[in-house]
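In: How does the following fold in three dimensions:
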Amino acid sequence: MFRVFLIILVLVIGYDAVVHQGAYTREAWNSITRLTGSAVEGAKELGQRTRDDANTQRN
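Out: The predicted structure is shown next:
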């Protein structure tokens, strides 16, 4: 099943590259990158707040 998924994915990306010059693939990649960056920044902020809360409780 995974092989079928990979074949379909390669065909879709290849079609996009040939017909649309990769516009849809590039747009999807940028969206995923922004989403990942946003998640990482949120996790960093949460970690910082947790450390700050732990430090204030100790003092």
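In: just the strands in this structure please.
Out: Taking DSSP state E, the chain contains no strands at all.
In: So, low pLDDT: which residues of this protein?
Out: The model of the chain has pLDDT under 70 over residues 59.
In: how far is the helix ranked longest in the chain from where the chain is centred?
Out: Counting by DSSP state H, the longest helix found in the chain is helix 23-58. How far helix 23-58 lies from its chain's middle: 11 Å, per CA atoms, centre = their mean, to the nearest Å.
In: For that helix, buried residues please.
Out: Thr25 (16 or more other CB atoms under 10 Å). Yep, even glycine has a C-beta here, placed from its N, CA and C like the rest.
In: so what secondary structure elements neighbour it?
Out: If contacts are counted by 3 or more CB pairs under 8 Å, 6 or more residues apart in numbering; DSSP states H and E, helix 23-58 sits against helix 2-19.
In: contacts for the helix it packs on?
Out: For helix 2-19, contacts defined as CB atoms under 8 Å, 6 or more residues apart in numbering pick out 22-25.
In: In JSON lines, list those residues along with distance to Arg51.
Out: What follows is the contacts of helix 2-19, written out as JSON lines (distance: CB to CB, whole Å):
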{"residue": "Gly22", "distance to Arg51": "42"}
{"residue": "Ala23", "distance to Arg51": "42"}
{"residue": "Tyr24", "distance to Arg51": "41"}
{"residue": "Thr25", "distance to Arg51": "39"}
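In: Nearest to Leu46 among these?
Out: Thr25 (31.6 Å; CB to CB).
In: Report the separation between the closest one and Arg34.
Out: Using CB to CB, to the nearest Å, Thr25 is found at 15 Å from Arg34.
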